[in-house]
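Enquirer: Okay, here's the prediction I keep looking at, along with the sequence it came from:
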Amino acid sequence: MNMIEYITLPWDVLGIGALWLILMAFFVALPCSQMGSFLILRRMALTGDAISHSVFPGVVIAFYITGDLSSPWLIVGAGLAGLASTVIIELIHKWTRVKQDAATGISFTALFALGVLLMELLLGKNVDLDLECVLHGRLGLLLEDDRLALFGLMVPAPVLVMAGVALVTMVLLFFFCRVMMLSSFDADLAASFGYRPAVIHYGMMFVVSFIVVAAFQAVGAILVIALLILPGAAAYLCSYRLKVMLLIAALHALLSAVGGLYLHVWFNSNMAASVVVSGGVLFVLAWLLGPVDGVLWKWFKEEVPTPEESSDQVGNRLS
Amino acid sequence: MIQEMSVLASAVDFLIPASGSAKAMMAAVLLGAGCGLLGCFVVLRRVALMGDAVSHAVLPGVVAGLIYSSERSPGVIFVFAATAGLLGAGLVRLMMMSTRLKSDAALGIVLATFFAFGIMWQSRNQQDTVGVMNFLFGNVGSIDASDLRMMLMTTLVLVVTMFFLRRPLLVMSFDEGFSRGLGYPVKLLNGVFYFLLTFSVVVALQAVGVVLVSAMLITPAAAAYLLTDRFDRMLLLSVLFGVLSGLAGGLVSAEVNGLPTGPVIALSATALFAVVYLIAPRHGVLSKVLRTLRRRMRIRRENTLKAIYQIHEVEGFVHEEVSVLMLARKRGLTEDVVRRDCKALLSRGFIDMAEDGVSLHLSRLGWKRAMEIVRNHRLWELYLTNEADYAEDHVHDDAEKIEHILEPGIVRQLEQHLDFPELDPHGKPIPQPTHLVAQPLATL
């Protein structure tokens, strides 16, 4: 196979399906990338991790009540559970000397364990919230889903749903970007302008829970974390400006989706994981070549901090 | 040497119980102890989620082990998994050193990317990697004698290493630069620490799964952290909590059929934490709330006393008594509220009430405390104007707060420093409660 064939391979194999896969992956990754950028700035990257695990009991309870895996109540239940985990984190680290990282660990493991137990107790073994799906996501099965006609095209239904989620997130972002930026960098200043940092905080957490649940089905619980953190982190290494950072994060989301499709077709591997791996590769590129933090530039300028200095910084951060 | 090893191995075998449920129980207890021990350092170093990152990052190693070892030997899988975990931990540190990214982002990136790589690899070799789900979700029931032997050895190594290295590791957890100054081999110690962490996480994985390893590492240690300020006690308590939750998990899931052990262990640990969170004597929430309430009530009492003193002062100390009505007006509160405040003062012997309940006068103790508060207030105002160049009309609010917490020692220092002043910046006299308690009355 020559170069050209490698590049056209997905389109030869999947036809228009390749487009749907890219669009789906992009619509999942885009809202994640935007909210994730704020999480990075707020040093709350692992809150995404916590939320993606904590939504579990909410989903189980909502499913137990409605008995329908596609019910919108599942999203509400998951959102509430995600919110509960952030409330527990705050309760622990605001009131005691246990730090935020440990509080996060306590909160999400407890909720996750609760979810597993509830699943065993309420649902039993006969109905399984498919564990394979939790790990792998259903992205690869997209092309077997129901399709809806739109402008004469048969679009897979999940693509439309996810496009809706992405749209809602982007609209929210458009209206609240300034407020979120302000309260992320300086909560006190935001408060003095009459905003409510606490409300913004919980609002953001609810939106993150909502996105996580929406993305959950597509890419699985763990890989959502990657989509939340990787674009923002890569963009953070490339720019000092928030707007530029958000743009780069969106670009990262798009490129991971395209790259993921190629990895998926070339290696015949799981689509969701491929998207994340291509996002990981892009992150490594940003790490090496990023205009702000690129390691190569630092070497080039011989501005590499001496080992003592750099590990001192780490030491301060750890202690 | 080999002989000794085999003697040790047979001694270990002697410890391993025969029945399945006893094995599960022993595994849960061992894991509780080992993770409880390590967890203290993890929590103090604020890298609580390192365990989470490592437990997810081992996935490519597990997959490699399942694919490349012909008869899925646990040893090979273990080595591959531990290598992947160590690589992940190393990358986290490297990323934190060379970029502006903080530990949370670095941990998240390694966690998710390694995991995705593992899933991607696993999805290509579905038939070779059937057991991967067991590894990820854990199953105490599937633990056999060889796994248990592994756990025993790990816990033993962990306990011995921690016993000898606890000082340097502790110093390092608080201040890496300082421990380098003390001459500790910081890099080596860090290496040992992360090696032990990865090792224990991989061992614990098979029993409780990727997510709940974090619970075993963090929750007991955090509970212990709320109970004591001494590190050795924290270690012991954390191990105790770990063992207790392990026992609870083992017992409950043996009792109730089909309940998975891992979540029960995690929830028991959480329940222990919740109890400690509420009732821990110094760092618990209830005691904090109580302390705040008590302080607020004391401040309220002292403010009432001060108001009584000020009423006397305005009148030139001519009357012995103050009416409740006047006090209410002075405090800007309703009579009912002031009456309640007075009751609190009465029960502590600061004042005596007249029988009709209309008026009150300060007792000897009350005079002393009231004068102390007023003195503290005025001394502080003077100090701020003289020494800190505050404007006279800016010092009141500050003094209003500090008057309640100035200790006798500091008051003495202030007096000496200000050369035993008699007037505050507003020209009011500073009372001398130590000299003569009834001095104001004597001026009659």
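Expert: Right, received. Where do you want to start?

Enquirer: With adjacent residues omitted, what lies nearest to B:R348?
Expert: Leaving aside its chain neighbours, B:R348 sits nearest to B:R301 (7.3 Å; criterion: CB to CB, 6 or more residues apart in numbering or on different chains). From N, CA and C alone the C-beta is placed, and that goes for glycine too.

Enquirer: distance of the one you found from B:V63?
Expert: Going from B:R301 to B:V63 by CB to CB, to the nearest Å gives 68 Å.

Enquirer: looking at it, the residue nearest to B:R348 is touching B:C342, isn't it?
Expert: No: if you go by CB atoms under 8 Å, B:R301 and B:C342 don't touch, sitting 9.9 Å apart.

Enquirer: Next, the contact list for A:S269, please.
Expert: A:L263, B:M120, B:W121, B:S123, B:R124 (CB atoms under 8 Å, 6 or more residues apart in numbering or on different chains).

Enquirer: mind running it again at 6 Å?
Expert: Going by CB atoms under 6 Å, 6 or more residues apart in numbering or on different chains, A:S269 touches B:M120, B:S123, B:R124.

Enquirer: you'd agree the first one is in a helix?
Expert: Yes: note on B:M120: a helix contains this position according to DSSP: H, G, I helix; E, B strand; the rest coil.

Enquirer: Is it correct that it is in contact with A:V275?
Expert: No: taking contacts as CB atoms under 6 Å, B:M120 lies outside contact range of A:V275: 9.6 Å.

Enquirer: and those two? which has more neighbours close in?
Expert: In this view B:M120 and A:V275 are compared by other CB atoms under 10 Å in any protein chain shown, and A:V275 has more residues nearby, 36 against 27.

Enquirer: what about the strands in chain B?
Expert: All strands of chain B, identified by DSSP state E, fall at B:322-323, B:351-353, B:359-362.

Enquirer: who does the longest helix belonging to chain B touch, helix- and strand-wise?
Expert: Secondary structure assigned by DSSP state H gives helix B:186-227 as the longest helix of chain B. In terms of contacts (3 or more CB pairs under 6 Å, 6 or more residues apart in numbering or on different chains; DSSP states H and E), helix B:186-227 is packed against helix A:100-118, helix B:20-44, helix B:50-57, helix B:74-98, helix B:145-174, helix B:176-181, helix B:231-255, helix B:261-279.

Enquirer: Return the most buried member of the ones you listed.
Expert: Highest mean neighbour count of the helices and strands packed on helix B:186-227: helix B:50-57, a mean of 30 (counted as mean count of other CB atoms under 10 Å in any protein chain shown).

Enquirer: From the contact counts, what lies against it?
Expert: The contact analysis (3+ CB pairs under 6 Å, 6+ apart) places helix B:50-57 against helix B:74-98, helix B:103-124, helix B:186-227.

Enquirer: quick revisit: which of the strands of chain B has the highest mean neighbour count?
Expert: Burial of the strands of chain B is given as mean neighbour count (mean count of other CB under 10 Å); strand B:359-362 ranks first at a mean of 20.

Enquirer: and it, C-alpha only, in CSV?
Expert: The C-alpha coordinates for strand B:359-362 follow below in CSV (Å, rounded to 0.1, in the frame of the first residue of the first chain):
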residue,chain,number,x,y,z
SER,B,359,-31.4,46.2,87.2
LEU,B,360,-28.1,44.5,87.7
HIS,B,361,-24.6,45.2,89.0
LEU,B,362,-21.2,43.7,88.2
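
Enquirer: who does that strand pair up with?
Expert: Taking DSSP bridges as the criterion, strand B:359-362 pairs within the sheet with strand B:322-323 (antiparallel), strand B:351-353 (antiparallel).

Enquirer: residues making contact with the last one?
Expert: By CB under 6 Å, 6+ apart, the surrounding residues in contact with strand B:351-353 are B:L345, B:L346, B:L360, B:H361, B:L362, B:S363, B:G366.

Enquirer: so how far is A:T169 from A:M35?
Expert: 7 Å.

Enquirer: Equivalent analysis for A:V213, please.
Expert: A:V213 is 13 Å from A:T169, by CB to CB.

Enquirer: for the helices and strands packed on helix B:186-227, which one sits closest to B:V203?
Expert: helix B:145-174 (4.9 Å; CB to CB).

Enquirer: Let me know the angle separating that closest one from helix B:74-98.
Expert: Relative orientation of helix B:145-174 versus helix B:74-98 (axes from the mean of the first three to the mean of the last three CA atoms, to 10 degrees): 20 degrees.

Enquirer: helices and strands around helix B:145-174, which ones?
Expert: When contacts are defined as 3+ CB pairs under 6 Å, 6+ apart, helix B:145-174 packs onto helix B:20-44, helix B:186-227.

Enquirer: Quick one: mean pLDDT over the first one.
Expert: When the per-residue pLDDT values of helix B:20-44 are averaged, the result is 87.

Enquirer: and that helix with chain A, contact?
Expert: Yes: remark: helix B:20-44 sits within contact range of chain A at B:V43, by CB under 6 Å from any CB of the partner chain.

Enquirer: My guess is B:A84 contacts B:L59. True?
Expert: No: when contacts are counted by CB under 6 Å, B:A84 is not listed as touching B:L59 (7.3 Å).

Enquirer: Any chance you could note which residues of the stretch 51-200 of chain A sit beside chain B?
Expert: Selection of the stretch 51-200 of chain A residues close to chain B by CB under 6 Å from any CB yields A:95-99, A:101-102, A:105-106, A:109-110, A:112-113, A:116-117.

Enquirer: for those residues, which one is nearest B:F231?
Expert: Of all these, A:R97 has the smallest distance to B:F231: 14.3 Å, by CB to CB.

Enquirer: residues near residue 68, how many?
Expert: All of this refers to chain A. When neighbours are counted by other CB under 10 Å, A:D68 comes out with 11.

Enquirer: could you do chain B instead?
Expert: 12.

Enquirer: one step back: and the strands of chain B: which comes nearest B:L31?
Expert: Set against B:L31 and scored by CB to CB, these come closest in strand B:351-353, at 61.2 Å.

Enquirer: Low-confidence bits of chain A, can you list those?
Expert: The model of chain A has pLDDT under 70 over residues A:1, A:69-70, A:124-154, A:302-319.

Enquirer: Which parts of it are strands?
Expert: Ranges of strands in chain A, per DSSP E, are A:147-150, A:153-156.

Enquirer: Would you map the helices across the stretch 51-200 of chain A?
Expert: Counting by DSSP state H, counting those that start in this stretch, residue ranges of the helices within the stretch 51-200 of chain A are A:73-95, A:100-118, A:131-136, A:157-185, A:187-192, A:197-219.
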